[in-house]
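>>> Coordinates for the following, if possible.
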Amino acid sequence: MSKPRVFITRKIFPEWIDEIRLVADVELWEDELPPSRDILLEKSRGIDGILCLLTDKIDSEFLDIAGSQLKVISQIAVGFDNIDISEATKRGIPVGNTPDVLTATTADATWSLLMAAARRVTESERFIRRGDWKTWHPLHFLGQDIHSATIGIIGMGRIGYEVAKRAQGFGMKILYYDTNRRKDLEEKIDIKFVDLDTVLTDSDYVSLHTVLSDETFHLIGENEFKKMKKTSILVNAARGPVVDSKALCNALENGDIWAAGLDVTDPEPISKDDPLLKLENCVIVPHIASATVKTRFEMSRISAQNLINGIQGEPLVTCVNPEVY
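Numbering: from 1, shown residues only. This is a model prediction of the structure:
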């Protein structure tokens, strides 16, 4: 009896690919760049399962071409805005993701961006590497204090909560905005629920941790930047399109806000000609908030196990749409 066929759209930890090979015939996309749309569709014809990334659009066209035998979609990420969940659910296909294991790691990365932007770390490092450091100066690279400042967290989910816990160590006042008030979390740590405008006007740091949806697309744009303090810093570890990139660039150039720290951009990858890359007060990293050895290993494990369970007709370890069962 032949094994089920699966397509893995990017390299993960090899030991988990080996585990998948025990139960399935694996086609692995080995290039660093993601497969093009045409290649993704062609490689997915007749497969029983796919292990994919945020760069892979899984929509009705994909599902039609993959075929009715497709049993599982396993994503190596917590987010899944690249997948048409409702369409997968209609067809009875479970969708897996990798939540929880990256929560604390992403919160740590959020703080690294916040601190780098506040204290001008990347800007001053470039200054040294250019050979421009001639002497110590009392007014060189003045940044913003973090201790005792106010942080506003937009999206008080798992990651937002971990960011808030870390803010306590800096003696910060913590505001948050979410579509749902989290009284359960308010009982655990000192956080205050406010509206979006209050987060923007009162915060020294605004940290984004929302999902990407029609409601959050360009949630932060020109009007929002105008409400923020001129000394404030924006951190985006959510999704690039939550922020209007053009408005962000203008706000940084015009001094409407002090700085920004970005783990995500719109688009990804960011163009080498993007004006944000010319700004010293914008710290940008290539979507690496979950990129530690331990976390990515666990993400590989969970996504592999979801794939294996799915093709064998067993419940996924983590399932976005459990109503399919």
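>>> Tell me which stretches of the stretch 101-250 of the chain form strands.
Under the criterion DSSP state E, counting those that start in this stretch, the stretch 101-250 of the chain contains strands at 150-154, 173-177, 192-193, 205-208, 233-236.
>>> and of those, who's closest to I39?
Closest of those to I39 is strand 233-236, at 30.2 Å (criterion: C-beta to C-beta). Just so you know, the C-beta spots here come from the backbone N, C-alpha and C atoms, and that holds for glycine as well.
>>> Touching the closest one from outside, list them.
110, 113-114, 117-118, 144, 204-208, 220, 228, 242-243, 248, 257-264 (C-beta atoms under 8 Å, 6 or more residues apart in numbering).
>>> So what are the sheet partners of it and their directions?
strand 205-208 (parallel), strand 259-262 (parallel) (DSSP bridges).
>>> Take those and write them to CSV, including distance to D100 and mean pLDDT.
Output for the strands paired with strand 233-236, formatted as CSV (distance: least, C-beta to C-beta, whole Å; pLDDT from 0 to 100):
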stretch, distance to D100, mean pLDDT
strand 205-208, 19, 99
strand 259-262, 24, 99
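>>> Which of those strands sits closest to Y325?
Evaluated over the strands paired with strand 233-236, closeness to Y325 peaks at strand 205-208, with 33.0 Å, by C-beta to C-beta.
>>> Nearest spatial neighbour of P286, chain-adjacent residues omitted?
Using C-beta to C-beta, 6 or more residues apart in numbering and skipping residues adjacent in sequence, the residue nearest P286 is P269, 6.7 Å away.
>>> pLDDT at that neighbour, what is it?
With respect to pLDDT, P269 scores 95.
>>> And F62, how far from F7?
Distance, F62 to F7, by C-beta to C-beta, to the nearest Å: 11 Å.
>>> Could you do Q75 as well?
13 Å.
>>> what do you get for K246?
36 Å.
>>> quick one: which of these two has more around it?
Neighbour count, other C-beta atoms under 10 Å: between K246 and F7, F7 has more, with 25 against 14.
>>> Give the other helices and strands that the helix or strand encompassing that one contacts.
Per DSSP states H and E: F7 is located in strand 5-8. In terms of contacts (3 or more C-beta pairs under 8 Å, 6 or more residues apart in numbering; DSSP states H and E), strand 5-8 is packed against helix 14-21, strand 25-28, strand 49-52.
>>> Quick one: the ones you listed as JSON lines, columns for mean neighbour count, distance to F193 and mean pLDDT too.
Shown next, in JSON lines, are the helices and strands packed on strand 5-8 (neighbours: other C-beta atoms under 10 Å; distance: least, C-beta to C-beta, whole Å; pLDDT from 0 to 100):
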{"stretch": "helix 14-21", "mean neighbour count": "15", "distance to F193": "40", "mean pLDDT": "98"}
{"stretch": "strand 25-28", "mean neighbour count": "16", "distance to F193": "46", "mean pLDDT": "98"}
{"stretch": "strand 49-52", "mean neighbour count": "29", "distance to F193": "36", "mean pLDDT": "99"}
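>>> Perfect, that will be all.
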